[in-house]
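Novice: I'll drop the sequence and a predicted model, then ask my questions.
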Amino acid sequence: MAAHQQGQADEARQAYQALLAIAPDHPDGLHLLGMLEAQFGDGDQAVTLLSRAVAQNPLEPMFHNNLGNALLQLGREDEADACYQRSLALDPKRYDALNNRALLMARRQRLREAEAAFLQLLEIAPGFVEARQNLALVCMRLGRPHEALAHCMRGLVTQPGARGLRELLARAYMHCEMPDKALEVYRAWLEHDPDDPVPRHHIGALEGAVPERASDAYIETTFDSFAGSFDQTLGRLDYRAPAVLGAAVRARLGEPQPRWRVLDAGCGTGLCGEHLAPHAARLVGVDLSRGMLERAAKRPHYQALHQRELVEFLRAHPRSFDLIASADTLIYFGALQDFAQAAHAALDGAGWLVFTVEAHDEAEGAPEYRLHAHGRYSHRRDYLQRVLLEAGFDEVQTEAEWWRHEMREQVQGWLVAARRGRLPAADTATTAAAG
């Protein structure tokens, strides 16, 4: 178990498999290997192993709860809910099952029920900080940031260094139009943990010292921690950037044929893969977050995945791609000159660069790009056009779009398509490997 707790997945897997080789139906062995697979391996295998553990020991509420978590990772919500209910039937005061069932209610947009469930849980376990944080998130989604503030503060009394509560407290202050208080939170956080890139990034946004892009450390820290819930969270927000990007690619390349060398630039968990793969002789993904890439690797779409900073990767692969596509990656870049030049050079003489960014107003005096308190950048349309044309693209097309809902509002953005040269006709196209 020590290897498992330290994230040494291969070593832990071998130990659990050795135990099961001796006792194939050992319930704890099945449970532990199932948990390992849910964290680091195959979700379907996790469900199989945890189901076997439940069959061997159906009276253990922990097994039912963890089977529910594995099912939820696969999007099997009804089955997950049934597992949580079975766990609670065996132990009505089991904190993790109560918390997980309330989270599932929130995921299903049953926010009032989730709020009531979290409040009930906190009556049983007032010091359960994770439930306090989840309740604060529900209050934020219900448009009650002042109540979220109160819950964050109560949670921080119990656990002063709770990272998630600190970040949520600062967000709540911003929604209450109290940026000075948010800045105090981030400064105290940075003083407590000077190596944490997250408060440093947000302090820059609030103080107006805008960096040209988010640091590599900020991206890795943020998305490694977010990888496990990324797809589910964005699904709840009506996230549509991958589908819009896919439609834009199809409009420019025509009916899907697996003939082009395609890069998914900032591929994350691979949500764009299903939209890009039909066009690709070879689909390559690149991302800074190992946690996100591990999720992408479970999808069938990619022939290669690379953990690397995007501009560095593009510079290392000149004349390698016919299409570079990117959804919600450049929202962590302010200045785009280096990216545009590297992308232009990475296209093999002719091709398309298609990407999404967030937008801000075009009023006179508005900056070319802006870093917001939530940590993402937005861009002016005319800035995007100018940077891409200066990088050598022959044509730049921009369309106003929206990407998801956030606090019940649509997040507005630009869909950008930049063309270099003209791709060859179908009968003369080349599909040499890249990446």
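Specialist: Great, that's in hand.
Novice: switch to C-alpha atoms for all contacts and neighbour counts from now on
Specialist: Fine.
Novice: which residues sit against the helix or strand where residue 224 lies?
Specialist: Using DSSP states H and E, residue 224 sits in helix 216-226. Applying C-alpha atoms under 8 Å, 6 or more residues apart in numbering, the external contacts of helix 216-226 come out as 197, 198, 201, 288, 289, 290, 291, 292, 309.
Novice: then it to PDB, C-alphas only?
Specialist: Extracted C-alpha coordinates of helix 216-226, given in PDB (Å, rounded to 0.1, in the frame of the first residue of the first chain):
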ATOM      1  CA  ASP A 216       4.400  26.300 -17.000                       C
ATOM      2  CA  ALA A 217       4.200  25.600 -13.200                       C
ATOM      3  CA  TYR A 218       0.800  27.200 -13.000                       C
ATOM      4  CA  ILE A 219      -0.500  25.100 -15.900                       C
ATOM      5  CA  GLU A 220       0.900  21.900 -14.600                       C
ATOM      6  CA  THR A 221      -0.300  22.400 -11.000                       C
ATOM      7  CA  THR A 222      -3.800  23.600 -12.100                       C
ATOM      8  CA  PHE A 223      -4.500  20.800 -14.600                       C
ATOM      9  CA  ASP A 224      -2.800  17.900 -12.900                       C
ATOM     10  CA  SER A 225      -5.200  18.500 -10.000                       C
ATOM     11  CA  PHE A 226      -8.200  19.100 -12.300                       C
END
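Novice: what residues of it count as buried?
Specialist: 218, 219, 220, 221, 223, 224 (16 or more other C-alpha atoms under 10 Å).
Novice: with pLDDT and distance to residue 173 added, can I get the residues you listed in a markdown table?
Specialist: Formatted as a markdown table, the buried residues of helix 216-226 follow (pLDDT from 0 to 100; distance: C-alpha to C-alpha, whole Å):
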| residue | pLDDT | distance to residue 173 |
| --- | --- | --- |
| 218 | 92 | 21 |
| 219 | 93 | 23 |
| 220 | 92 | 25 |
| 221 | 90 | 22 |
| 223 | 88 | 23 |
| 224 | 86 | 25 |
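Novice: format these as TSV; extra columns: distance to residue 366.
Specialist: Shown next, in TSV, are the buried residues of helix 216-226 (distance: C-alpha to C-alpha, whole Å):
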residue	distance to residue 366
218	26
219	26
220	30
221	30
223	30
224	33
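Novice: count of neighbours near the closest residue to residue 311 other than its chain neighbours?
Specialist: Excluding the flanking residues, the one nearest residue 311 by C-alpha to C-alpha, 6 or more residues apart in numbering is residue 339, at 5.6 Å. Residue 339 has 20 neighbouring residues, counting by other C-alpha atoms under 10 Å.
Novice: assign residue 339 to helix, strand or coil.
Specialist: Assigned by DSSP: H, G, I helix; E, B strand; the rest coil, the conformation of residue 339 is helix.
Novice: against residue 314, how distant is it?
Specialist: 8 Å (C-alpha to C-alpha, to the nearest Å).
Novice: what of residue 395?
Specialist: Distance, residue 395 to residue 314, using C-alpha to C-alpha: 20 Å.
Novice: ok, those two, which is more surrounded?
Specialist: Shown here are residue 395 and residue 314; by other C-alpha under 10 Å, residue 314 has more neighbours (26 against 14).
Novice: surely the more buried one touches residue 342?
Specialist: Yes: contact criterion C-alpha atoms under 8 Å: residue 314 and residue 342 qualify, at 5.5 Å.
Novice: which stretches of the stretch 151-300 of the chain form strands?
Specialist: Using DSSP state E, counting those that start in this stretch, the strands of the stretch 151-300 of the chain run over residues 260-265, 280-287.
Novice: nearest to residue 403, of those?
Specialist: Closest to residue 403 of the strands of the stretch 151-300 of the chain is strand 260-265 (C-alpha to C-alpha; 17.4 Å).
Novice: list the helices and strands the closest one packs on?
Specialist: helix 273-276, strand 280-287, strand 321-326 (3 or more C-alpha pairs under 8 Å, 6 or more residues apart in numbering; DSSP states H and E).
Novice: residues in contact with it: which ones?
Specialist: 272-273, 276, 279-287, 310, 320-327, 329, 430-434.
Novice: kindly calculate the angle that the helix holding residue 224 makes with strand 280-287.
Specialist: 110 degrees (axes from the mean of the first three to the mean of the last three C-alpha atoms, to 10 degrees).
Novice: so what touches stretch 342-357?
Specialist: Contacting residues not belonging to stretch 342-357 are listed as 241, 245, 248-249, 311, 314-315, 317-331, 378-379, 391-393, 413-423 [C-alpha under 8 Å, 6+ apart].
Novice: of those, buried ones?
Specialist: In the contacts of stretch 342-357, burial by neighbour count holds for 241, 245, 248-249, 314-315, 317-331, 378-379, 391-393, 413-421, 423, counting by 16+ other C-alpha under 10 Å.
Novice: show me the domain layout of the chain.
Specialist: 1-92, 105-209, 230-428 (automatic domain parsing).
Novice: tell me the phi and psi of the closest residue to residue 42 other than its chain neighbours?
Specialist: Counting by C-alpha to C-alpha, 6+ apart, residue 42 lies nearest to residue 298, which is 7.7 Å off, once chain neighbours are set aside. Dihedral angles phi and psi of residue 298 (degrees, to the nearest 10) take the values phi -80, psi -10.
Novice: i'd like the first residue to be 35 from this point on
Specialist: Taking 35 as the first residue, the last one we looked at is residue 332.
Novice: just to revisit the earlier point, farthest-separated two in the buried residues of helix 250-260?
Specialist: For these, the maximum inter-member distance is 9.9 Å, found between 252 and 258 (C-alpha to C-alpha).
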